[in-house]
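**Student:** only geometry, no sequence info:
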């Protein structure tokens, strides 16, 4: 009798673990799909446009579950691959997106992801600042030539629209891949891609 009970308990535990694993995997895929939808939404927001309030309101309504912080001029959206991280299938990864606006005018939009322990990529598009600052810059940094552990892309409105649009081509497929992304060039591949000539 005791043996049957222990077998039954082991079976229940195995089914429970299996169900939790499925839920964790689905949670991570859901996070990725939501993040991809948010990236598509924020990439369509025009820096310098006068739809700052409506763009932020649209993000609030559509991704309210991921709203990390908001105020009158700032919104931040956070996503994470909690399921894969708990299952030790991929490093814990976070994604942030921000919209800044003043008097209804979008002054900046921003994307960043961070993968533990030290891999990060970020993309900033904003109104032109000081004349001494380059209109466009792509920074690749690492302790060794390969892999790259940090990538930062900066654009202002002096950069052609086509180039800025290609920069916002972001690939999150490694978000749900065993071992994660490991190199920000995989995520921000658009910034290293050529712009098709017309």
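**Tutor:** Everything's here; your move. Please read these numbers as outputs of a predicted model, since none were measured by experiment.
**Student:** For residue 29, which non-adjacent residue is closest in space?
**Tutor:** Nearest in space to residue 29, with sequence neighbours left out and distances taken as C-beta to C-beta, 6 or more residues apart in numbering, is residue 176 at 5.6 Å. No exception for glycine: its C-beta is placed from N, CA and C like everyone else's.
**Student:** For residue 189, see how far away the one you found is.
**Tutor:** Distance, residue 176 to residue 189, using C-beta to C-beta, to the nearest Å: 17 Å.
**Student:** right, and the helix or strand after the least confident helix or strand in the chain by mean pLDDT?
**Tutor:** For the chain, using mean pLDDT, DSSP states H and E, the weakest element among its helices and strands is strand 67-70, scoring a mean of 69. For strand 67-70, the following helix or strand on the C-terminal side (DSSP states H and E) is strand 74-80.
**Student:** Contacts for that following strand, please.
**Tutor:** Judged by C-beta atoms under 8 Å, 6 or more residues apart in numbering, the contacts made with strand 74-80 from elsewhere in the structure are 31-32, 34-35, 38, 56, 59-60, 63, 66-70, 92-100.
**Student:** Now a PyMOL select for only the buried ones of these.
**Tutor:** Those of the contacts of strand 74-80 that meet the burial criterion (16 or more other C-beta atoms under 10 Å) are gathered into one PyMOL selection, given here:
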select buried, resi 31+32+34+35+38+56+59+63+66+92+93+94+95+96+97+98+99+100
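**Student:** coming back round to it: looking at residue 176 and residue 189, which has the bigger crowd around it?
**Tutor:** Under the neighbour definition other C-beta atoms under 10 Å, residue 176 and residue 189 were set side by side, and residue 176 has more, 19 against 13.
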